[in-house]
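Q: I'll drop the sequence and a predicted model, then ask my questions.
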Amino acid sequence: MKCIDAISTAFKRSTSNESVLWSGKFIHDIPCFPIKPLLPVVIGACTGPLGGLCRIQLHDDEPSQQDIIDSSLVAGISNWDNPPDEADGISLSLYDRKDGTVGRHGDPIADVYAVVVRQNNTILAVADGCSWGHKPRLAARCAVRGSMEYLTQKLFNGESMVCDTQQIIRNMLRSFDSAQKMIVENNGTTTTLCVAVVCELAEPKGENGWGLCVVSVGDSPCFVWQSKARQVIEVTSAAHEGQNRDMRDSGGCLGANVGDDPDLDNLTCSFALLAKGDIVFVTSDGISDNFDPVTLLEPTTPAHSASPHVSLPVLSPDQRQAALLANLTRVIQGIRSQFENEPICAWEVKEAIVKHVIDVTNNQRGCMETSLKNVDNPELSTLERRAKELEFKEKLKTMGGKLDHATLAVYEVTECVLSRHNQTRMDTDGTIHFKSIYLSDGQKEVLLALSKVSKLLIAISSNHCCWTSGKHGEIWAMFSFLSRKV
């Protein structure tokens, strides 16, 4: 199996917009900015669809909400159905419904997302299983879980001191190795993967006090809504820079591509400076392709074409990219006028993007559902059926949009404080108050033993625990035990 960490240093550098954005194939293409210590306390987490990274099985039934909350510890977290106000995620199918059923063509959704928000850092991941079926979905779930578990272990175990952005990128690359191994071990097929880590810089760069580290393979991009400039940039643009987009080819993937080896052709490391209020969102190509001007059949000024009979707009790669970002910018700007004081938040970006991709695929989806019924009419002769099929194909050519699985993970850059999501509060002196943590009998025994050697004031009633004092280090040590099955 190829080592991703080694391969990542074997490509030519590609850099763009160096004032806020860096991209390349080398770890050292990313600036080495010191960061503040990564605080480990989880504010909230979410994953999906259907349990997301918690469900590493080839075939499974839909889990209940309680299954996700009470699942065994995954990547250091027991409740993956706890999204904080600052983050969210969604996966949906844009495909047409099957006749006479509640399902859709392309089921099951083969995309997976996960978001973990901590006090001064956040991890977002999106994987898009290549093709349809259970095995691509399994590959995507394994990719997200493998990378999340590795990053949780290496960034928050209390032993390794991650001090700068290059160290984060190095650990992210190695997390892709972990993702690859988990896919192969579980007999998944192939998937894209994009992982983003938001961290707080030790030395702010003007108004930009945060950094965004991204590693990606395939065509699942990462974008940033720059709140002050009111525009969208793509952080992962170097993965396809100077190339025409081919929606039939992801450009790279993890999993069993050739034997047990991945395709790392467009593996890319990226970094962007962020300001408070900026919004980071990672998507599958089911989202990004539905902002592409060629997919949308938008009227444009064509670039030079070798053929005078081109039915779609012919754009240079740079023109297509600029138009895609302009479409994203327009949709997000439409949420709220620049003259309104209230800033745009993460859930609004999610809702606006999802509404757009549903709207631009509505005609094609409706046409598929209606026309397929007509083509399948048993009373049609062979010639009539062929005529209907040709008419159907010609009609589809006039409709913009792309039917696909569409996934989005989004986060608003801010310094989070412990909130109602964890049933906690933080005093101004740093004292943390946890309330009503449910305990098993085994956990009660561990907690009581620890309380004898700690300075925590603990009270246990039935199977609930409250304590009213303790600084960060003590609280985290206790919380680690409480989050673990005993």
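A: Now that the structure is in, tell me what you want to look at.
Q: Could you verify that residue 233 is part of a strand?
A: Yes: per DSSP: H, G, I helix; E, B strand; the rest coil, residue 233 lies within a strand segment.
Q: Checking the residue lying closest to it once chain neighbours are set aside next. Helix, strand or coil?
A: Counting by CB to CB, 6 or more residues apart in numbering, residue 233 lies nearest to residue 224, which is 5.4 Å off, once chain neighbours are set aside. All C-beta atoms are positioned from the backbone trio N, CA, C, and that covers glycine. When classified by three-state DSSP, residue 224 comes out as strand.
Q: switch to numbering from 642
A: Let's use 642 as the start, then, which means that last one is residue 865.
Q: Dig out what residue 865 forms beta bridges with.
A: Residue 865 forms beta bridges with residue 874, residue 921, as assigned by DSSP bridges.
Q: pLDDT wise, what is it at?
A: At residue 865, the pLDDT value in this model is 98.
Q: quick one: contacts for it?
A: 853, 873-874, 876, 913, 915, 919-922 (CB atoms under 8 Å, 6 or more residues apart in numbering).
Q: repeat that for 7 Å
A: Applying CB atoms under 7 Å, 6 or more residues apart in numbering to residue 865 gives the contacts 853, 873-874, 876, 913, 915, 919, 921.
Q: For stretch 1026-1036, output the C-alpha coordinates as PDB.
A: C-alpha atoms of stretch 1026-1036 as PDB (Å, rounded to 0.1, in the frame of the first residue of the first chain):
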ATOM      1  CA  ARG A1026     -40.600   3.300 -27.400                       C
ATOM      2  CA  ARG A1027     -37.400   4.200 -29.300                       C
ATOM      3  CA  ALA A1028     -39.000   7.500 -30.500                       C
ATOM      4  CA  LYS A1029     -40.000   8.300 -26.900                       C
ATOM      5  CA  GLU A1030     -36.500   7.500 -25.700                       C
ATOM      6  CA  LEU A1031     -35.000   9.800 -28.300                       C
ATOM      7  CA  GLU A1032     -37.400  12.600 -27.500                       C
ATOM      8  CA  PHE A1033     -36.600  12.100 -23.800                       C
ATOM      9  CA  LYS A1034     -32.900  12.400 -24.300                       C
ATOM     10  CA  GLU A1035     -33.200  15.500 -26.500                       C
ATOM     11  CA  LYS A1036     -35.400  17.100 -23.800                       C
END
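Q: average model confidence for it?
A: 74.
Q: try stretch 970-978
A: What stretch 970-978 shows for mean pLDDT is 94.
Q: what comes into contact with it?
A: Stretch 970-978 is contacted by residues 866, 871-873, 983, 985, 989-990, 993-994, 997 when judged by CB under 7 Å, 6+ apart.
Q: Report the lowest-confidence entry in those residues.
A: For the contacts of stretch 970-978, the least confident entry is residue 983, with 84.
Q: And what about it, helix, strand or coil?
A: Counting by three-state DSSP, the backbone at residue 983 sits in coil.
Q: Quick check: closest non-adjacent residue to it.
A: In space, residue 983 is closest to residue 977, 6.7 Å off (CB to CB, 6+ apart).
Q: Please report how far the one you found lies from residue 882.
A: When distance is defined by CB to CB, to the nearest Å, residue 977 is 32 Å away from residue 882.
Q: likewise residue 864?
A: Residue 864 is 15 Å from residue 882, where distance means CB to CB.
Q: what about these two, which has more around it?
A: Applying other CB atoms under 10 Å to residue 864 and residue 882 shows that residue 864 carries more neighbours, namely 29 against 16.
Q: Tell me the spacing between the more buried one and residue 876.
A: Counting by CB to CB, the gap from residue 864 to residue 876 is 7 Å.
Q: For residue 767, what is the enclosing helix or strand?
A: Element membership for residue 767, per DSSP states H and E: strand 762-769.
Q: Direction included, what does that strand pair against?
A: When pairs are called by DSSP bridges, strand 762-769 turns out to pair with strand 752-759 (antiparallel), strand 834-846 (antiparallel).
Q: can you redo these as JSON lines with mean pLDDT, mean neighbour count and distance to residue 767?
A: Output for these, formatted as JSON lines (pLDDT from 0 to 100; neighbours: other CB atoms under 10 Å; distance: least, CB to CB, whole Å):
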{"stretch": "strand 752-759", "mean pLDDT": "97", "mean neighbour count": "29", "distance to residue 767": "5"}
{"stretch": "strand 834-846", "mean pLDDT": "97", "mean neighbour count": "22", "distance to residue 767": "5"}
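Q: want to try TSV for the ones you listed, with distance to residue 1028 as columns?
A: Conversion of the strands paired with strand 762-769 to TSV gives the following (distance: least, CB to CB, whole Å):
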stretch	distance to residue 1028
strand 752-759	37
strand 834-846	44
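Q: So for residue 901, which of the ones you listed sits nearest?
A: strand 834-846 (16.3 Å; CB to CB).
Q: coming back round to it: from the chain's centre, how far out is the strand holding residue 767? Work that out for me.
A: Once both centres are worked out by CA atoms, centre = their mean, to the nearest Å, strand 762-769 turns out to sit 4 Å from its chain's centre.
Q: following that strand, which helix or strand shows up next?
A: On the C-terminal side of strand 762-769, the closest following helix or strand by DSSP H and E is helix 775-796.
Q: I'd like to know how many residues surround the nearest residue to residue 698 once chain neighbours are set aside.
A: Leaving aside its sequence neighbours, residue 698 sits nearest to residue 779 (CB to CB, 6+ apart; 7.5 Å). Using other CB under 10 Å, the number of residues around residue 779 comes to 27.
Q: Is residue 779 in contact with residue 827, as I believe?
A: Yes: Residue 779 is within contact range of residue 827, at 6.1 Å (criterion: CB atoms under 7 Å).
Q: quick one: pLDDT of residue 947?
A: The model's pLDDT for residue 947 equals 41.
Q: Can you name the element that comes right after the lengthiest helix in the chain?
A: Longest helix in the chain, counting residues (DSSP state H): helix 987-1016. Using DSSP H and E, the helix or strand that follows helix 987-1016 towards the C-terminus is helix 1023-1038.
Q: Remind me what that following helix packs against, helices and strands.
A: If you count contacts as 3 or more CB pairs under 7 Å, 6 or more residues apart in numbering; DSSP states H and E, helix 1023-1038 packs onto helix 987-1016.
Q: Report the distance from the helix it packs on to the chain centre.
A: The chain centre lies 21 Å from the centre of helix 987-1016; the measure is CA atoms, centre = their mean.
Q: Would you mind pulling up the elements that it packs against?
A: strand 728-734, strand 920-924, helix 958-974, helix 1023-1038, strand 1046-1053.
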